[in-house]
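Visitor: Sharing a model prediction with you, sequence too.
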Amino acid sequence: MAHLIATQWQPLLMGLWNTILCSIIALIGSMIIGTLFALLEISQTRILRVIGKVYVEVFRNIPLLVITMAFFLIIPMYIAKINGFTAGTIGLTLYTSAFIAETVRAGINSVEGGQLEGALSNGMTYHQAMRYIILPQAFRVVIPPLGNQFINLVKNSSVLAFVAGFDLMYQGNLIANDTLQTIPTYFIVGIMYLIITLPLSYYMRHLEKKLA
Amino acid sequence: MQNFIDAYSWINVRFLLQGLWITIVISVASIVISFIVGTLLGIIRYAKIKYFSAIVGFIIDIIRNLPLLLIIFFTYFGLPNIGIKPEIIPAAIMAMSIFESAMVAEIVRSGINSIDKGQTEGALANGLTRWQALRIIVLPQAIKNMTPALVSQFISLVKDTSLATIIVLPELMYHAQIIYGQNTNYIIPMFVALAVLYFIVCYSLSLLADYLHRHLA
């Protein structure tokens, strides 16, 4: 295994970097889109609620792989050439945004109704009340579940391996095929994933206990 | 439009449905196995048996924090290196069950922990043994709390079976790939079909979850 690390550390680190990069981009993107659709889902206009609900249900109930492959194959046919990394990141962002929308919506619902009424009766508009009163409180509640979503995101980014996204899983698989040392390679790749996800997961459990 | 009509010929649709059948078989098998194993592991972790529970807990945490794809690769391409060579379908069921058991174990553990300690204490004070208290008093209440999380985990399981295309498991995604691999005009119709079929399966599961949640609560 030492030999494997000595000869293959470069592609492995590059894969790790791509995994982290893709996860961070997708996290930021899906937080923005997810919050937007959560707001749509609780909006007072019926048609907006329907749009929000349809978006969330569609992206939650279709496998990430299907979404990613669709972007990878269909966008180049009509719109523009994109590489696997971009297609994978877009797919991951949209898929995760549906889960984040659900999380944020639950968070907003957990804020007591009186808060909104209080803000409105103090002369705030609906938008101001959301922005200054409800969302800040909701985000505190949703931090642990959002952290868990981020862990899922890092794990799910392995789907980039299907579209040649040069992420950790893709590199690991290439190395496993080249060297035929499958078990040591997967072991190293596994440890590299755990370096990101395990501390996060323990921290989230700690936070959950603290907030509960 | 013509592409859609051609793509949805009976032969192709039948081929997709065959794939869907494999997807469902693999999902059901993995759900049953991971529910049993996961519940046992969750109880072991909750029971705090010296050293044993801690070790089991640590292994669960490791598996939960790995990508499922890595576990699939490991069971199908890794295990043959140490002399175990599972066929494709058992390998897929094995990989899914290993991963999902760990996820279920975590859900069970937090479900049991969500039940007030007073329940166990009350049961013990009434002369029940620890095992009886868990089985008769705590678990039935915990299962009610766990249902939403469990069902959404099983929905992810159904979606995640698509990852097993990588080991050429002949499920829905793989069959769709074969069809659009023969004719690139079929790419869009096939993805529409995939989206619809997966959506039907997963969404009806989540409706079932809502129903169960309302009727158990």
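Guide: Arrived safely, thanks for sending.

Visitor: Quick one: list the elements packing against the biggest helix by length in chain A.
Guide: Longest helix of chain A, by residue count under DSSP state H: helix A:2-41. For helix A:2-41, the packing partners by 3 or more Cβ pairs under 8 Å, 6 or more residues apart in numbering or on different chains; DSSP states H and E come out as helix A:46-60, helix A:84-110, helix A:135-156, helix A:168-179, helix A:182-211. Where C-beta positions appear, they are placed from N, C-alpha and C, glycine not excepted.

Visitor: can those go into TSV with extra columns for mean pLDDT, distance to B:G122 and mean neighbour count?
Guide: Formatted as TSV, these follow (pLDDT from 0 to 100; distance: least, Cβ to Cβ, whole Å; neighbours: other Cβ atoms under 10 Å in any protein chain shown):
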stretch	mean pLDDT	distance to B:G122	mean neighbour count
helix A:46-60	93	39	16
helix A:84-110	92	30	23
helix A:135-156	88	30	19
helix A:168-179	90	49	22
helix A:182-211	89	24	17
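
Visitor: Dump those helices into TSV; add distance to B:I98 as well.
Guide: Below are the helices and strands packed on helix A:2-41 laid out as TSV (distance: least, Cβ to Cβ, whole Å):
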stretch	distance to B:I98
helix A:46-60	24
helix A:84-110	23
helix A:135-156	14
helix A:168-179	17
helix A:182-211	13
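
Visitor: Dump the ones you listed to a markdown table, plus distance to chain B.
Guide: Output for these, formatted as a markdown table (distance: least, Cβ to the nearest Cβ, whole Å):
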| stretch | distance to chain B |
| --- | --- |
| helix A:46-60 | 7 |
| helix A:84-110 | 9 |
| helix A:135-156 | 4 |
| helix A:168-179 | 6 |
| helix A:182-211 | 4 |
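
Visitor: Show me which positions of stretch A:74-82 end up buried.
Guide: Using 16 or more other Cβ atoms under 10 Å in any protein chain shown as the test for burial, stretch A:74-82 gives A:I82.

Visitor: ok, and what's touching that stretch?
Guide: Residues outside stretch A:74-82 that contact it (Cβ atoms under 8 Å, 6 or more residues apart in numbering or on different chains): A:F71, A:F72, A:A87, A:I90, B:I187, B:I188, B:F191.

Visitor: Narrow these to those in strands?
Guide: Using DSSP state E, no member of the contacts of stretch A:74-82 falls within strands.

Visitor: Neighbour-wise, which one of the residues you listed leads?
Guide: A:A87 (25 neighbours; other Cβ atoms under 10 Å in any protein chain shown).

Visitor: Surely it is in contact with A:L65?
Guide: No. In this structure, A:A87 is not within contact of A:L65 by Cβ atoms under 8 Å, at 11.8 Å.

Visitor: Next, the angle from the longest helix of chain A to helix A:168-179.
Guide: Per axes from the mean of the first three to the mean of the last three Cα atoms, to 10 degrees, the angle that helix A:2-41 makes with helix A:168-179 is 150 degrees.

Visitor: quick one: helix A:2-41 to chain centroid distance?
Guide: Centre-to-centre, helix A:2-41 and its host chain are 9 Å apart (Cα atoms, centre = their mean, to the nearest Å).
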